[in-house]
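Student: prediction below, plus the sequence it came from.
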Amino acid sequence: MHKGHYYYGEVQEVDVMTGKLLFSWRSDRHVNFHESYVAPSKDGRGTWDYFHINSINIDPSDGNLVISATQLLGLLQGEPQRRGTHVAPRRQGERLLDGAGTHFAFQHDVTPYGGGVYTVFDNESTPAVRPPSRALVLHVNEARRSTTLLHQYHHSPPVTSSALGSVQMLPDGHVFVGWEPPPTSPSTKPSGRVLYDGRLDVKGLVSYRAFKQPWSGLPSEPPALAVERSPDTTVLYMSWNGATGVARWRVLAAGRLAACRR
């Protein structure tokens, strides 16, 4: 028998306005310790991270919780947040995830898209299982208790991500993947052709996850204006750094209207 301390995972829903706790679920009250793929230290030193939540999402099809538990090498799916706390394990290699190529290990960022479709960042590392890492798109059929591999993506050159990574399906059918190392976020078509490969070349900086989203910048500071005068001309320099919606400037001077580009 092992003795020592352990970390459990907890999921909560809180009313932000009032601070009222609406829902709470603890892993150690529903998931047995023997289900973990990471063993505690034999001498009881340190704190055993037997579960390790790294993503929580809501399935758009039924409102169920989808929890990624790294140390279980799988995901858990539960009833709607305000209707119960029962969560049934769904682990790779057992009962459900049995399709060819659907295995994953020490995964991150499990995201449901509805209709049984999930994306999973398959780390396959820490400890190493089947490197390199992959980005997966899976279809889970609950009625048949089976999983089908729809797509898989690899980085070129191969990357084995130790404890990071993300997968995002975009509305245009492309897939945006965050890898580590190196910190990079290539967007690929279903065929696997890389359309974009961005890197964070900052020493000591890693990217836990990367997402492609629309962004509109509205600076909190007012626009900056500088004037350069000469005997014959007056030159104006204008800047509103970060304002994504500004394409042109209009300058009014001495009752005359002048137009200039940004």
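Tutor: Now that the structure is in, tell me what you want to look at. Numbers count the residues shown, from 1 in each chain.
Student: contact partners for residue 128?
Tutor: Residue 128 sits next to residue 160 when contact means C-beta atoms under 8 Å, 6 or more residues apart in numbering. Every C-beta, even on glycine, is put in place using the N, C-alpha and C of the backbone.
Student: and with 10 Å instead?
Tutor: For residue 128, the contact set (C-beta atoms under 10 Å, 6 or more residues apart in numbering) comprises 105-106, 160, 162.
Student: and if you look at residue 69?
Tutor: So residue 69 contacts 9, 27, 31, 35-37, 50-55, 75-76, 87, 89, 91, 107, 110 (C-beta under 10 Å, 6+ apart).
Student: ok, now residue 51?
Tutor: Neighbours of residue 51 in contact, by C-beta under 10 Å, 6+ apart: 6-10, 26-28, 31, 33, 35-36, 38, 67, 69-72, 76.
Student: hang on, residue 173 packs against residue 190?
Tutor: Yes. With contacts counted by C-beta atoms under 10 Å, residue 173 reaches residue 190, the gap being 6.3 Å.
Student: looking at these two, which is more packed in?
Tutor: residue 190 (13 against 8; other C-beta atoms under 10 Å).
Student: let me know whether the more buried one touches residue 137 as I believe.
Tutor: Yes. Counting by C-beta under 10 Å, residue 137 is a contact partner of residue 190 at 8.7 Å.
Student: what touches both of the two?
Tutor: Common neighbours of residue 190 and residue 137 (C-beta under 10 Å, 6+ apart) are 150-151, 153, 169, 175.
Student: ok, so of those, who is nearest residue 59?
Tutor: residue 169 (14.4 Å; C-beta to C-beta).
Student: still on that earlier bit, only the buried subset of the shared contacts of residue 190 and residue 137, as a ChimeraX command please.
Tutor: Listed next is the ChimeraX selection for buried residues among the shared contacts of residue 190 and residue 137, using 16 or more other C-beta atoms under 10 Å:
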select :150,151,153,169,175
